[in-house]
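Asks: 3D, please:
(chains A, B, C and D)
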There are 2 protein chains.
Amino acid sequence: MTVSAKTVPPAEPTTLHQRIRADLEGKILSGEWKPGHRIPFEHELMAQYGCARMTVNKVIAGLVAAGLIERRRRAGSFVIQPRIQSAVLEIPDLANEIAARGETYGYRLLSRRLRVAGGADPAESGMAAGEGVVELRCLHLSNGRPFAVEDRLIALAVVPEAASVDFSQTAPGSWLLGHVPWTAAEHRISALAAGAREARDLDVSKGAPCLCLERRTFRAEQTITYARQLFRGDAYNLVAHFSPKG
Amino acid sequence: MTVSAKTVPPAEPTTLHQRIRADLEGKILSGEWKPGHRIPFEHELMAQYGCARMTVNKVIAGLVAAGLIERRRRAGSFVIQPRIQSAVLEIPDLANEIAARGETYGYRLLSRRLRVAGGADPAESGMAAGEGVVELRCLHLSNGRPFAVEDRLIALAVVPEAASVDFSQTAPGSWLLGHVPWTAAEHRISALAAGAREARDLDVSKGAPCLCLERRTFRAEQTITYARQLFRGDAYNLVAHFSPKG
DNA sequence: GCCGCGCTCATGTCTACACATATGGGCGAG
DNA sequence: CTCGCCCATATGTGTAGACATGAGCGCGGC
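Replies: Next comes the predicted model:
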């Protein structure tokens, strides 16, 4: 009997609730509805799904709680700018952090190369051998004194524009934050002793303790960038606030 | 029109919603309702607050979403066991982390004192001078070798049970995670050189780089505990994964 | 004594309605 | 033409009732 095939596609015991929520969430997370987009009014969704307003309201309230949507009376409901605060560490923008401490931020590009990723790169960089990358080495200064040295790789396959950007004025972190949407990130934090070159760059003695922050940033399984930032141990702390609820 | 006087004394711009939620949350976070406690049935709350069941339902649904409550059909709604967090993301449980790396975890209590907080404590500990605390110093071992030394203060005003717990077998972090619900935390991560005592405890040479993790954990404005964990720089990394969505 | 059917009750989901509230924009008065 | 009032509108909140679902428990049959 072929009819049996048609009787039950509801392999999904999903409630109306969950279907609406999944639909909206999908539209937002897939980027179909970009930040700032006004989602349909409650009564439109209510007509579209043939349900009561309360049901739609509950769904949207959930999305607000999840931080995906912002509601403005009379105006409608809008997709919110993705907020990162959820986990341990947001992606820090060094310039902002320094400014927030009342110090003056400085930046200097030490070197910039286009090359292909290869054996010399750490495995954690996530770059496939042979992949085209921009390699940057730069220095972050606070009140004119170096406090961090950064080595960075940017995958050209994911961010081709990076090849034509001059990073002599703009720190790569700030540029990427503003130009490339990301979906996931991974931090690795460790402490190590400054090597000869790092000691020279950071103006500390060789062997001085440094905070090392390695970060990989992803967009949908692809590695966008790998950064290794080495901070003077005596000049920088990472601070993270968080709560289970937000 | 006298009727206007009767409508609402709007001294409180709080909605019924928020009042109920605040009540329940308060009972849970204050510890009045301990983990496992069955909260009143929806129809009881509905009678108690003189509102519709839907209103109570919405509140409880919110608490479920916040991870404070678990609901079981027919049985009722229960205060949930404070979640032992996904280790890397939020508050790490060292024993789990070590086990996840396939190494054997060991723990040793170095000292334990009941005393009052005082001037010698770092200001960041958040403990008020004169407040009763448990002071612990302990060692975390991986494969028999020390990799972290921990100094901890636990506020007896918030966690009186801690006075009678013998921490010689259980690490205070694990015990607290399982027994005390928390609402917020703050991490401060830095790199510093091992001092004489730390070098001895960690079996490294004096001046070796160490990763220092200071953590304050709060329950509703009160500091529950302050911990300072010093890791061997050559043996431990903090890793954090995160994404905008969770 | 043991198994299973069915009752009961608490939660899960949804509807239809009602009134409150804030605000953008239109309209009228000056 | 400009300013200010008012109203339409979209969300915010709450009510009263309905049916669905699933798990505990007792009763009755074997």
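Asks: how much space is there between the residue nearest the centre of chain A and chain B?
Replies: Closest to where the C-alpha atoms of chain A average out (C-alpha atoms, centre = their mean) is A:W182, at 4.6 Å. Between A:W182 and chain B the distance is 8 Å, computed by C-beta to the nearest C-beta, to the nearest Å. In this view, the C-beta of every residue, glycine as well, is placed from N, C-alpha and C.
Asks: Would you report the backbone torsion angles of that residue?
Replies: Per-residue torsions, A:W182: phi -130, psi 160 (degrees, to the nearest 10).
Asks: what do you get for A:E221?
Replies: Main-chain torsions, A:E221, degrees, to the nearest 10: phi 80, psi -20.
Asks: how close does it get to DNA strand D?
Replies: Between A:E221 and DNA strand D the distance is 34 Å, computed by C-beta to the nearest atom of the strand, to the nearest Å.
Asks: pLDDT wise, what is that residue at?
Replies: Per-residue pLDDT puts A:E221 at 79.
Asks: What of A:A185?
Replies: A:A185 carries a pLDDT score of 82 in this model.
Asks: Please name the nearest non-neighbouring residue to it.
Replies: A:T217 (4.7 Å; C-beta to C-beta, 6 or more residues apart in numbering or on different chains).
Asks: Let me see the contact set for that neighbour.
Replies: A:91, A:176, A:182, A:184-185, A:223-225, A:227 (C-beta atoms under 8 Å, 6 or more residues apart in numbering or on different chains).
Asks: Adding distance to A:A66 and secondary structure, write those residues out as JSON lines.
Replies: Shown next, in JSON lines, are the contacts of A:T217 (distance: C-beta to C-beta, whole Å; DSSP: H, G, I helix; E, B strand; the rest coil):
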{"residue": "A:I91", "distance to A:A66": "20", "secondary structure": "coil"}
{"residue": "A:L176", "distance to A:A66": "25", "secondary structure": "helix"}
{"residue": "A:W182", "distance to A:A66": "19", "secondary structure": "coil"}
{"residue": "A:A184", "distance to A:A66": "17", "secondary structure": "strand"}
{"residue": "A:A185", "distance to A:A66": "19", "secondary structure": "strand"}
{"residue": "A:T223", "distance to A:A66": "27", "secondary structure": "strand"}
{"residue": "A:I224", "distance to A:A66": "24", "secondary structure": "strand"}
{"residue": "A:T225", "distance to A:A66": "27", "secondary structure": "strand"}
{"residue": "A:A227", "distance to A:A66": "29", "secondary structure": "strand"}
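Asks: Looking at those residues, which one is closest to DNA strand C?
Replies: Checking the contacts of A:T217 against DNA strand C with C-beta to the nearest atom of the strand, the nearest one is A:A184 at 28.4 Å.
Asks: Correct me if wrong: the closest one contacts A:F218.
Replies: Yes. Under the criterion of C-beta atoms under 8 Å, A:A184 is in contact with A:F218, at a separation of 4.4 Å.
Asks: Pull up the residues of chain A that are close to DNA strand C.
Replies: By C-beta under 7 Å from any atom of the strand, the residues of chain A that approach DNA strand C are A:15-18, A:50-55, A:72-75.
Asks: are any of those buried, and which?
Replies: Buried subset of the residues of chain A next to DNA strand C (neighbour count, 16 or more other C-beta atoms under 10 Å in any protein chain shown): A:T55.
Asks: Greatest separation within the residues of chain A next to DNA strand C: which pair is it?
Replies: Between any two of these, the greatest separation by C-beta to C-beta is 30.3 Å, found for A:T15 and A:R74.
Asks: ok, A:A99 - how many residues close by?
Replies: 13 (other C-beta atoms under 10 Å in any protein chain shown).
Asks: how about it, phi and psi?
Replies: According to degrees, to the nearest 10, the main-chain angles of A:A99 amount to phi -60, psi -40.
Asks: For it, which non-adjacent residue is spatially closest?
Replies: That would be A:Y105: by C-beta to C-beta, 6+ apart, it lies 5.9 Å from A:A99.
Asks: from memory that neighbour sits against A:L139, does it?
Replies: No. Contact criterion C-beta under 8 Å: A:Y105 and A:L139 do not qualify, at 11.5 Å.
Asks: Low-confidence stretches in chain A?
Replies: The model of chain A has pLDDT under 70 over residues A:1-13, A:81-92, A:240-246.
Asks: Tell me which stretches of it form helices.
Replies: Counting by DSSP state H, chain A has helices at residues A:3-7, A:16-29, A:42-49, A:53-65, A:94-100, A:172-179, A:196-202.
Asks: Of all those helices, which one comes closest to B:E32?
Replies: Closest approach to B:E32 among those is made by helix A:53-65 (24.7 Å; C-beta to C-beta).
Asks: quick revisit: can you put the helices of chain A in TSV and add distance to B:L110?
Replies: Listed next are those as TSV, based on distance: least, C-beta to C-beta, whole Å:
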stretch	distance to B:L110
helix A:3-7	68
helix A:16-29	48
helix A:42-49	60
helix A:53-65	44
helix A:94-100	36
helix A:172-179	41
helix A:196-202	34
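Asks: So which of these is nearest A:G233?
Replies: Between A:G233 and the helices of chain A, the tightest spacing by C-beta to C-beta is seen for helix A:196-202, at 9.7 Å.
Asks: Could you see whether chain B lies near that closest one?
Replies: No. Helix A:196-202 lies out of reach of chain B by C-beta under 8 Å from any C-beta of the partner chain, never closer than 11.8 Å.
Asks: so what does that helix touch, helix or strand wise?
Replies: Other helices and strands packing on helix A:196-202, by 3 or more C-beta pairs under 8 Å, 6 or more residues apart in numbering or on different chains; DSSP states H and E, are strand A:145-155, strand A:222-232.
Asks: One more pass at 6 Å, please.
Replies: Contacting helix A:196-202 under the criterion 3 or more C-beta pairs under 6 Å, 6 or more residues apart in numbering or on different chains; DSSP states H and E are the following elements: strand A:145-155.
Asks: hmm, the strand it packs on in reach of chain B?
Replies: No. Strand A:145-155 is not in contact with chain B by C-beta under 6 Å from any C-beta of the partner chain; minimum separation 11.9 Å.
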